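>>> Kindly generate the corresponding structure for this input.
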Amino acid sequence: MPATTGVVIHGQDLPVAEMLERARLAEKLGADAVWLVQLPSLRDSAAVLAAMCGVTDRVTLGAGVLPYYTRPPVTMAQTALTIDELSGGRFALGVGTGHRLTADWMLGRPADAPVPSMREYLEVVTALVRDGEVHTTGSRFRANAVYVSPRRAGLPVYVGAFGPALAELAGEAADGLLVWMCTADHLREVVMPALRRGLRAAGRSLEGFPVVAMVPGAVCDDLDQDRELLRRYLAAYARVPSYRRMYERSGFGGDLGRGVVGDEMLAAIAVLGVEDDIRAMADRYERAGATQVVITPMASAHHDRTLFTRTVEALACR
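Numbering: from 1, shown residues only. Okay, the predicted model is just below:
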């Protein structure tokens, strides 16, 4: 079965009304899912996703991802179940560990060891989602809660991961995996083997397990301009230790040591060009293991509605 498709609506400088219109447009163009990311400098994506429930009818609406330190696990489950009810059962929750800088310096919350913390966090969230009740005392999270409002026990809980330890945990304890700004080679060679280990440990199969790959890119008219914009964007991510380690693993340590994002690195992480380039990117990630390929329209396609439309349509209609 071919990979499904989706779009990330990056709302950093867009009014909420425009984000809602783009969600409606993505559905009309044939996308299977609309995802929002969460950054500490932006509006709350969960609230925007709740608003998107009222302007869409078919697409999955996904949080990709909400950092676990932004909400206690019971509150995270309540948020997810509420949006899911508003959407008529179309919501997918993605949770991630975020980054130490955001947790500690920006939010004033000491960063915990990510894998054991996420394991306990997932236990609380998934118990409340699936069973409507949770009673647990862990070393990091304690919860005693009951959810009495209507709920869909099958609401999927994904883990955002590109390192092997979290990918393995996703296979053990989550309903799906999300990768962001990850090369196709890294997905195939690092993430997928770890995911399979986790699935085997839990007695589960890769068959039917969602793997969502989110890729920045655009159909563009000015390739040189958009390349420079994406280089700056990727360079900022490459300063984050976890992303830097991933890119070094992918063979770009030389570029990073020189403080540059070279053409090869840019082409491995993002896609810029014409419609056929978008479709070729989707094929590459599907071969690497993705069951859903999601484009994040950036650069000109973020600002220009026509280029946004062409970018989404190229992927949705491949």
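>>> any idea of the pLDDT on residue 142?
Residue 142 carries a pLDDT value of 94.
>>> can you count the residues close to it?
14 (other C-beta atoms under 10 Å). Every C-beta, even on glycine, is put in place using the N, C-alpha and C of the backbone.
>>> next one: residue 276
Neighbours of residue 276 under the rule other C-beta under 10 Å: 11.
>>> Apart from its neighbours in sequence, what residue is nearest it?
Spatial nearest neighbour of residue 276, chain neighbours left out: residue 314 (7.9 Å); criterion: C-beta to C-beta, 6 or more residues apart in numbering.
>>> Show me what the host helix or strand of that neighbour is in contact with.
Residue 314 is part of helix 305-316, with elements assigned from DSSP states H and E. Applying C-beta atoms under 8 Å, 6 or more residues apart in numbering, the contact partners of helix 305-316 are 5, 7, 22, 25-26, 29-32, 217-221, 275-276, 278-279, 282, 293, 295, 297, 300-302.
>>> Any buried residues in it, and which?
Neighbour counts over helix 305-316 (16 or more other C-beta atoms under 10 Å) mark 307, 308, 309, 310, 311, 312, 313, 314, 315, 316 as buried.
>>> Give me the buried positions along the host helix or strand of residue 229.
Assessed by DSSP H and E, residue 229 sits inside helix 223-238. The neighbour-count criterion (16+ other C-beta under 10 Å) identifies 226, 227, 229, 230, 231, 233, 234, 237, 238 as the buried residues of helix 223-238.
>>> how about those, which pair is most distant?
Spanning the widest gap among those are 226 and 238, at 18.2 Å by C-beta to C-beta.
>>> ok so, going back, any idea how far residue 181 is from the residue nearest to residue 276?
20 Å (C-beta to C-beta, to the nearest Å).
>>> re the thing from before, now the buried residues of helix 223-238 in CSV, with distance to residue 97 and pLDDT?
Formatted as CSV, the buried residues of helix 223-238 follow (distance: C-beta to C-beta, whole Å; pLDDT from 0 to 100):
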residue, distance to residue 97, pLDDT
226, 31, 96
227, 31, 96
229, 28, 94
230, 25, 95
231, 27, 96
233, 21, 92
234, 21, 93
237, 16, 88
238, 18, 90
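>>> For residue 201, state which of these is nearest.
Out of the buried residues of helix 223-238, the member with the shortest distance to residue 201 (by C-beta to C-beta) is residue 237, at 30.6 Å.
>>> Please list all residues in contact with that closest one.
181, 243.
>>> and residue 65, helix, strand or coil?
Secondary structure, DSSP: H, G, I helix; E, B strand; the rest coil: residue 65 is strand.
>>> Ignore what I typed, I meant residue 57.
Applying three-state DSSP: residue 57 is coil.
>>> Next up, the contacts around the closest residue to it other than its chain neighbours.
Nearest residue to residue 57, sequence neighbours excluded (C-beta to C-beta, 6+ apart): residue 27, at 7.1 Å. With contacts defined as C-beta under 8 Å, 6+ apart, residue 27 is in contact with 34, 56, 57, 58, 59.
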